[in-house]
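K.L.:
here's my sequence, what's the structure:
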Amino acid sequence: MNRKEFLKDCVCACTCAAASLRASESTAAAENKAPEDWRNSFVKQRYGKLMAILAAEMGEDLLSEALRQQGSYCASTYPIIQKRKGDMAGYIRELKKDADETITYDSAKGVITVSGPLRSECVCPFIDAQTAPKIVCNCSLGWHQYAYETILGKKVTVKLKESIVRGGKRCVFEARVLEQAA
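P.N.:
Reported below is the predicted structural model:
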C-alpha cells in the first residue's frame, strides 16, 4: 500500500470511528437529556484539522474523491433511500418531514434542487462551519449523488450552489439527471 492509498483509507477509518462516538453520544444524550458532551467540540476540531492535513498530504483531488466516497457510504446507511427506490415523490415527502429540506424535482428537465433550512451550523455533526476546510462539502456531494442515483436508477451529477461552511446561510444542491441508467 502506498502513502496515498493509506491516507485515503485513513479518511474512511477516522470518519467511521468518529461517527461511532458521535452516534453513541447522541443516543445517550437523547435518552438522558444530558447537556452536550465536551467531546462534540473535540471531534469537530480534530476532524477539521484532519481534513486540512489530508488535503495538504493527499492533494485536493484525491481528498475530494475520498470525501465523495464517504458521503456515498453515509447515504447508503440512510434507510429512507432504500425504502423509496423508484418513488421520488415519496422520498421528497419523507425527507421534508425528516430533515426539513425543500426538494423540487423537474422531471422534464431532469433537475433536482435541494435547499436546506436557514441555519448557522452544518447538518453534519463532525463539522464546525467556522473552522472546517471548505472541501468537506464534497462529502455531501457524494451523499446526494448516491441518494438520487439509487432512487431514480439513473446517473446524476451534483453541484453545490450554497453552503454554510462556504459562507452561506443554508446548503443548496442541484442534481442533474443524466439519460443513461445507473
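
K.L.:
tell me what residue 157 is bridged to.
P.N.:
Under DSSP bridges, the beta-bridge partners of residue 157 are residue 176.

K.L.:
ok, it touching residue 179?
P.N.:
No. At 11.9 Å, residue 157 does not count as touching residue 179 under the criterion of CB atoms under 8 Å. Yep, even glycine has a C-beta here, placed from its N, CA and C like the rest.

K.L.:
settle it for me: which of the two has more neighbours?
P.N.:
The residue with more neighbours, out of residue 157 and residue 179, is residue 157; 12 against 7, by other CB atoms under 10 Å.

K.L.:
residue contacts, the more buried one?
P.N.:
With contact set as CB atoms under 8 Å, 6 or more residues apart in numbering, residue 157 has these partners: 145, 175-176, 178.

K.L.:
PyMOL command for the buried members of those?
P.N.:
A single PyMOL command is used to select the members of the contacts of residue 157 judged buried by 16 or more other CB atoms under 10 Å:
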select buried, resi 145+175
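
K.L.:
from the contacts of residue 157, pick the one nearest residue 127.
P.N.:
Distance to residue 127, by CB to CB, is smallest for residue 145 among those, at 18.7 Å.

K.L.:
mean confidence for the strand or helix carrying the closest one?
P.N.:
Counting by DSSP states H and E, the element that carries residue 145 is helix 138-152. Across helix 138-152, pLDDT averages out at 97.

K.L.:
for the contacts of residue 157, give me CSV that also has distance to residue 102.
P.N.:
Output for the contacts of residue 157, formatted as CSV (distance: CB to CB, whole Å):
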residue, distance to residue 102
145, 19
175, 14
176, 18
178, 23
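
K.L.:
just the element for residue 49, please.
P.N.:
Going by DSSP H and E, residue 49 is part of helix 38-58.

K.L.:
check the offset of that helix from the chain's centre.
P.N.:
Relative to the centre of its chain, helix 38-58 is centred 16 Å away, using CA atoms, centre = their mean, to the nearest Å.

K.L.:
ok, the spatially most central residue of the chain to residue 87 distance?
P.N.:
Nearest to the geometric centre of the chain sits residue 140, at 3.0 Å (CA atoms, centre = their mean). As for residue 140, its distance to residue 87 is 22 Å (criterion: CB to CB, to the nearest Å).

K.L.:
one more: residue 99?
P.N.:
Taken as CB to CB, the span from residue 99 to residue 87 is 17 Å.
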